[in-house]
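Trainee: Any chance you could fold what I've pasted below:
(one chain, ligands or ions: 1)
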Amino acid sequence: MVEQLVIIGSGPAGFTAAIYAARAQLYPLMFEGFQQGGLPGGQLMTTTEVENFPGFSQGIQGPELMREMRQQAIRWGTKLITDDVVRVDFRQRPFTIASEEMEILSQAVIICTGALAKRLHIQGEEQFWNNGISACAICDGTNPLFQDVEIAVVGGGDSAAEEALYLTKYASKVHLLVRSNRLRASKVMQERILNHDKIQIHWQALPISAHGDEVLRSITIQDQKDQTISELAVGGLFYAIGHTPNTQIFAGQLELDEQGYIKTSGKSTATNIAGVWAAGDVQDHLYRQAVTAAGTGCMAALEAERWLAES
Ligand SMILES: Cc1cc2nc3c(=O)[nH]c(=O)nc-3n(C[C@H](O)[C@H](O)[C@H](O)COP(=O)(O)OP(=O)(O)OC[C@H]3O[C@@H](n4cnc5c(N)ncnc54)[C@H](O)[C@@H]3O)c2cc1C
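Mentor: Okay, the predicted model is just below:
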């Protein structure tokens with residue numbers, strides 16, 4: 001049996017693609033993941049309050065939002081397999097998508113495998129994740145925890161500069177911890193952070209542990225030059241050290257950019273292989289939001305529907 005459409009990944013992009021494709025009677029089959037590249041349900045399963053997804057005026061818990069999306073996809077007839085895809089073959093149609101347990105053939109594929117925010121795995125990180133430690137300023141900056149307190153941001157690239165600038169709206173002061181003795185951010189961003197009166201840069205500094213009670217209160221920093229240790233009283237620690245897109249199983253078959261994100265063409269979600277689309281964070285290192293992931297999931301399903309009707 002050959003499926004019409006297989007969707008890989010069950011974050012906001014995957015479920016939105018599934019809802020649109022199921023309503024278009026493509027009977028999509030989704031591999032919702034298991035252990036690779038995060039959790040079934042995606043990154044929002046690891047957070048608490050989501051305050052910026054439209055339609056929830058009082059906010060919604062991340063896992064609850066994902067449960068609702070899953071139910072909506074099932075209601076319209078999406079078939080779910082709770083397993084990881086470990087191998088694909090896009091060289092000929094129908095395409096092959098395989099887990100450890102089974103091999104599926106499909107005319108079309110939408111990839112929504114997302115990306116993982118890199119973490120430092122410092123001591124105390126698990127304890128204070130969502131209670132002071134975060135990897136997304138736009139998602140969490142407005143949290144009352146971060147209002148008028150000092151905050152640390154780790155990283156030296158454009159994302160770190162953007163996060164630091166964004167957080168100056170809420171924090172009393174932002175400490176930018178840069179591992180080396182130079183910034184990788186663009187000249188314009190460098191000037192903006194170097195001249196900002198709320199931002200202090202700590203060169204060759206790296207956090208090594210986090211401390212507090214119910215919430216984060218301070219971090220221990222190690223000087224990377226002479227290994228000396230110091231304490232910094234902060235109510236927030238934001239990682240801005242990059243993301244890893246979940247694209248390892250597509251390498252060699254799909255065109256990826258230098259950071260490993262899937263390349264899509266122009267305004268569409270089309271990859272370099274006809275019949276394969278990519279939506280959500282796996283192809284987006286700029287916006288990385290649930291609503292943009294959902295938006296591109298919708299685009300991918302509409303593009304797949306048109307393409308299947310014509311081919
Ligand atoms: C802590 C945290 C808080 C956040 N808060 C917000 C917020 O408040 N608002 C907001 O808009 N955004 C927020 N974001 C960002 C948002 O979660 C992402 O932009 C969004 O989830 C991306 O959706 P996605 O569908 O592209 O991928 P993801 O949500 O990353 O989902 C990827 C899916 O692919 C699956 N997968 C991966 N590899 C495989 C494989 N080999 N086989 C099968 N399945 C696979 C995973 O299991 C997962 O289900 C937050 C992110 C984090 C980490």
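Trainee: what's the longest helix in the protein?
Mentor: Scanning the chain for the helix with the most residues, using DSSP state H, yields helix 290-310.
Trainee: Which positions in the stretch 151-300 of the chain make contact with the ligand?
Mentor: 246, 249, 280, 281, 282, 288, 289, 290, 291, 293 (Cβ under 6 Å from any ligand atom). The way it works is simple: take the backbone N, C-alpha and C, and place the C-beta from them, glycine included.
Trainee: tell me the two of these that are most distant?
Mentor: 249 and 291 (26.5 Å; Cβ to Cβ).
Trainee: if you count what's nearby, which of the two comes out ahead?
Mentor: For residue 249 versus residue 291, neighbours defined as other Cβ atoms under 10 Å are more numerous around residue 249 (20 against 14).
Trainee: ok, now how distant is the more buried one from residue 110?
Mentor: 15 Å (Cβ to Cβ, to the nearest Å).
Trainee: one step back: what are the contacting residues of the longest helix of the chain?
Mentor: Applying Cβ atoms under 8 Å, 6 or more residues apart in numbering, the external contacts of helix 290-310 come out as 4-5, 11-21, 24, 26, 44, 50, 52-54, 65, 107-108, 110, 112, 114, 268-270, 274-275, 277-281, 283-284.
Trainee: Out of the residues you listed, which sit inside strands?
Mentor: Among those, DSSP state E puts 4, 5, 50, 107, 108, 110, 277, 278 in strands.
Trainee: Identify the residues contacting the fourth one.
Mentor: Read it as residue 107. By Cβ under 8 Å, 6+ apart, the neighbours of residue 107 are 2, 3, 4, 5, 93, 94, 95, 275, 308, 311.
Trainee: top of those residues by neighbour count?
Mentor: Highest neighbour count within the contacts of residue 107, by other Cβ under 10 Å: residue 5, with 27 neighbours.
Trainee: Touching, it and residue 111? I think so.
Mentor: No - Residue 5 lies out of contact with residue 111 (Cβ atoms under 8 Å); the separation is 11.7 Å.
Trainee: Tell me the one among the ones in strands among the contacts of helix 290-310 nearest to the ligand.
Mentor: residue 50 (4.1 Å; Cβ to the nearest ligand atom).
Trainee: and the closest one, how many neighbours?
Mentor: As a measure of burial, residue 50 has 20 neighbours, counting by other Cβ under 10 Å.
Trainee: Okay, residue 277 and residue 270: tell me how far apart.
Mentor: Applying Cβ to Cβ to residue 277 and residue 270 gives a distance of 6 Å.
Trainee: For the residue of the chain positioned farthest from its centre, identify the helix or strand it belongs to.
Mentor: The outermost residue of the chain relative to its centre, with distances by Cα atoms, centre = their mean, is residue 226 at 34.5 Å. When elements are assigned from DSSP states H and E, residue 226 belongs to no helix and no strand.
Trainee: any idea how far it is from residue 204?
Mentor: 9 Å.
Trainee: re earlier: residues bridging contact with residue 277 and residue 270, i.e. touching both?
Mentor: Common neighbours of residue 277 and residue 270 (Cβ under 8 Å, 6+ apart) are 264, 303.
Trainee: So between these two, which is more surrounded?
Mentor: Higher neighbour count among residue 277 and residue 270: residue 277, with 30 against 20, using other Cβ under 10 Å.
Trainee: what about the stretch 101-250 of the chain, any weak spots by pLDDT?
Mentor: Along the stretch 101-250 of the chain, no part satisfies pLDDT under 70.
Trainee: show me where it has helices.
Mentor: 125-128, 137-140, 158-167, 187-194 (DSSP state H, counting those that start in this stretch).
Trainee: For the residue nearest to residue 159 when sequence neighbours are not counted, the count of nearby residues, please.
Mentor: Sequence neighbours aside, residue 240 is the residue nearest to residue 159 in space, at 4.7 Å (criterion: Cβ to Cβ, 6 or more residues apart in numbering). Neighbour count for residue 240, taken as other Cβ under 10 Å: 26.
Trainee: how far away is residue 240 from the ligand?
Mentor: Per Cβ to the nearest ligand atom, to the nearest Å, residue 240 is found 12 Å from the ligand.
Trainee: list the contacts for whichever residue of the stretch 151-300 of the chain sits closest to the ligand?
Mentor: Here the residue of the stretch 151-300 of the chain nearest the ligand is residue 280; by Cβ to the nearest ligand atom that distance is 2.1 Å. By Cβ under 8 Å, 6+ apart, residue 280 lies in contact with 9, 11, 12, 13, 14, 112, 114, 292, 293, 296, 297.
Trainee: Skip the chain neighbours and tell me the closest residue to it.
Mentor: residue 13 is the one closest to residue 280 (Cβ to Cβ, 6+ apart), at 2.7 Å.
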